[in-house]
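In: generate a structure from the sequence data that follows.
(4 chains)
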There are 2 protein chains.
Amino acid sequence: MTHTDSPPDRPRRRRRKDARPGEIVAAAIDVFVERGFGAARLEEVARRAGVAKGTVFVYFPTKSDLFRAVAQALLTANFEPLENAAADAGLPLSDLIPLLLAQAALVGEGKVSAVIRLLIAESRAFPDLAQVWHDEVVAKVLGLLTAAIERAQLRGEIRAGDARLQAFSIIGPMLAGVIFREVFRDTTAYLPDLRELASQHAHIVLRGLKAEFSDPTAKASPQVE
Amino acid sequence: MTHTDSPPDRPRRRRRKDARPGEIVAAAIDVFVERGFGAARLEEVARRAGVAKGTVFVYFPTKSDLFRAVAQALLTANFEPLENAAADAGLPLSDLIPLLLAQAALVGEGKVSAVIRLLIAESRAFPDLAQVWHDEVVAKVLGLLTAAIERAQLRGEIRAGDARLQAFSIIGPMLAGVIFREVFRDTTAYLPDLRELASQHAHIVLRGLKAEFSDPTAKASPQVE
DNA sequence: GCCAATACTGACCGGAAGGTCAATAGCGTG
DNA sequence: CACGCTATTGACCTTCCGGTCAGTATTGGC
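Out: Model prediction:
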């Protein structure tokens, strides 16, 4: 609880104008993720960042501003892998989907699940924040995926249908799994294994999407034992 | 905003010990759903219920107690259809899944989406509440669905695999759609149509789950235009 | 080593909201 | 109609917390 610094020779006050914002945001991430916006205490953020409460207000005029900075930091820190996966434009869906879902499983095991919970929780109170998240993450990933789906439809790889909804069919279970694990983490003995879910669902959804019965030589599903 | 009662002949104070709790909970549902636990004001609950703030505390000792009552009420009010759908035990999956998803689409269009948001948001602050929701809703629906899947596997209707994860494949996209609509309701022009999603995803996931290529006479997908 | 500039501090403020309770007014009873 | 019971009230209390600011300590320049 008491942080282990302060050997008596180090000054207890230091001026590091440029390092502060980052430290404060880092501490704030933990606090906001743990408690949510309403229950987060700026005094605790200050304590964890090793500064006085007033210092927080030097760099972030209001609690909301700090929260926005936190949201922005979380966003840029956690969602590049997903975008990259979705951006592999040339791939056929039969390669892209397993890749994307596996990536989602990895990402979802980290603190991203808490981030998603935070976003869902506060989207009403911070509509502008929902906007940013939508534009920077959701629209990007969903857009790339949808585009890939449409191309696959054109080249006859998968069946016709609303590509945007098909995108939901693909990633929906991963989101559900992540949220389930987050919400019921301490509540239930059974938590879905995200990697297994990714692998199994990739097979199911690919099979469901494939055009007609084009490929009877389908490699039997690998690890469904 | 000002409620339209109080013609001057009606007394402004009335004693209705048994009607109060229900009225208060009803008002509280709206406030909690709109604002979340932290930002909900008991004074506003009281105002909307047409009582004084003190009266709220007569029936509910603390804000948390009121919140629990709200969660319980929402739970019992909104999830019977889903359970019923999942409980149709005899049905083959090819009938059960479209039914279940269609039901989920209907349910998700109502205020259930806000309820789900509330649950996700507050599950950390109210672990006991997460427990109740898990036991009363999630475990029930997921359990029934999983059981149905296992039976279908045994009778050879669908392929082998982890039935609990297959359940995620089935309902995940619906949950994702509901949450998407809730979070980005005012943020984006595109909101997925839940009924279309239900119908399209039912075809995809059924096709993906079906045992081998058992049914070449598959009725071509109905409304994928 | 001194000084000016300023990053940092933490005691303080104001208001908001959960929670209390003595007073009050509606209602059933005789 | 009078009376007592009690459901209801709303002014009040208390705590908590976001936000302020006059003062202080550090640092870099000379």
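In: alpha carbons only for contacts and neighbour counts from here, please
Out: Fine.
In: what parts of chain A come near DNA strand D?
Out: Selection of chain A residues close to DNA strand D by CA under 7 Å from any atom of the strand yields A:11-15, A:38-43, A:53-55, A:57, A:61-64.
In: can you pull out the low-pLDDT segments for chain A?
Out: A:1-11, A:89, A:213-225 (pLDDT under 70).
In: what does it put close to DNA strand C?
Out: Contacts of chain A with DNA strand C, taken as CA under 7 Å from any atom of the strand, map to A:12-17, A:20, A:50-55, A:58.
In: buried ones among these?
Out: Using 16 or more other CA atoms under 10 Å in any protein chain shown as the burial test, the residues of chain A next to DNA strand C include A:20, A:50-52 as buried.
In: what ranges do the helices span in chain A?
Out: A:20-39, A:42-49, A:53-59, A:63-78, A:80-87, A:93-109, A:112-122, A:127-133, A:139-154, A:163-183, A:194-209 (DSSP state H).
In: how about residue A:98, nearest residue that isn't a chain neighbour?
Out: residue A:202 (5.3 Å; CA to CA, 6 or more residues apart in numbering or on different chains).
In: can you pull the contacts of the one you found?
Out: Taking CA atoms under 8 Å, 6 or more residues apart in numbering or on different chains, we find residue A:202 in contact with A:97-98, A:101, A:170.
In: number of residues surrounding whatever residue of chain A ends up closest to DNA strand D?
Out: With CA to the nearest atom of the strand as the measure, residue A:62 is the residue of chain A nearest to DNA strand D, at 3.3 Å. Applying other CA atoms under 10 Å in any protein chain shown, we find 12 residues neighbouring residue A:62.
In: check residue A:155 too.
Out: Residue A:155: 11 surrounding residues under other CA under 10 Å.
In: cool, residue A:61 as well?
Out: Quick note: residue A:61 (other CA under 10 Å) scores 10 neighbours.
In: how far away is it from residue A:55?
Out: As judged by CA to CA, to the nearest Å, residue A:61 and residue A:55 stand 10 Å apart.
In: now do residue A:153
Out: Here residue A:153 is placed at a distance of 56 Å from residue A:55 (CA to CA).
In: again with residue A:25
Out: From residue A:25 to residue A:55 the distance is 12 Å (CA to CA).
In: any chance of the buried ones among the residues of chain A next to DNA strand C in JSON lines, plus distance to chain B?
Out: Shown next, in JSON lines, are these (distance: CA to the nearest CA, whole Å):
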{"residue": "A:20", "distance to chain B": "29"}
{"residue": "A:50", "distance to chain B": "26"}
{"residue": "A:51", "distance to chain B": "26"}
{"residue": "A:52", "distance to chain B": "25"}
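In: narrow those residues to those in strands?
Out: Judged by DSSP state E, these include no members of strands.
In: how close does residue A:168 get to DNA strand C?
Out: 38 Å (CA to the nearest atom of the strand, to the nearest Å).
In: number of residues surrounding that residue?
Out: Residue A:168 is flanked by 25 other residues according to other CA under 10 Å.
In: wait, it touches residue B:173, no?
Out: Yes - here residue A:168 lies in contact with residue B:173, judged by CA atoms under 8 Å, at a distance of 5.4 Å.
In: which neighbours do these two share?
Out: Shared contacts of residue A:168 and residue B:173 (CA under 8 Å, 6+ apart): none.
In: identify the farthest-apart pair in the contacts of residue A:202.
Out: Using CA to CA, the two most remote members of the contacts of residue A:202 are A:98 and A:170, lying 9.8 Å apart.
In: which one of these two is surrounded by more residues?
Out: residue A:170 (29 against 21).
In: residues contacting that one?
Out: A:97, A:201-202, A:205, B:173.
In: now, which of these sits nearest DNA strand C?
Out: Closest to DNA strand C, out of all of these and judged by CA to the nearest atom of the strand, is residue B:173, at 35.3 Å.
In: report the separation between residue A:13 and residue A:24.
Out: Distance from residue A:13 to residue A:24, counting by CA to CA: 15 Å.
In: show residues contacting stretch A:45-58.
Out: Outside stretch A:45-58, the residues that touch it by CA under 8 Å, 6+ apart are A:23-24, A:26-28, A:31, A:42-43.
In: can I get it in PDB? Just the C-alpha atoms.
Out: Extracted in PDB, the C-alpha atoms of stretch A:45-58 (Å, rounded to 0.1, in the frame of the first residue of the first chain):
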ATOM      1  CA  VAL A  45      -5.100   8.900  -8.600                       C
ATOM      2  CA  ALA A  46      -2.800  11.400  -7.100                       C
ATOM      3  CA  ARG A  47      -1.600   9.100  -4.500                       C
ATOM      4  CA  ARG A  48      -0.800   6.300  -6.900                       C
ATOM      5  CA  ALA A  49       0.900   8.700  -9.200                       C
ATOM      6  CA  GLY A  50       3.000   9.900  -6.300                       C
ATOM      7  CA  VAL A  51       1.900  13.500  -6.500                       C
ATOM      8  CA  ALA A  52      -0.400  15.800  -4.600                       C
ATOM      9  CA  LYS A  53      -4.100  16.200  -5.600                       C
ATOM     10  CA  GLY A  54      -3.400  19.800  -6.800                       C
ATOM     11  CA  THR A  55      -0.900  18.500  -9.300                       C
ATOM     12  CA  VAL A  56      -3.500  16.500 -11.000                       C
ATOM     13  CA  PHE A  57      -5.400  19.700 -11.600                       C
ATOM     14  CA  VAL A  58      -2.400  21.400 -13.000                       C
END
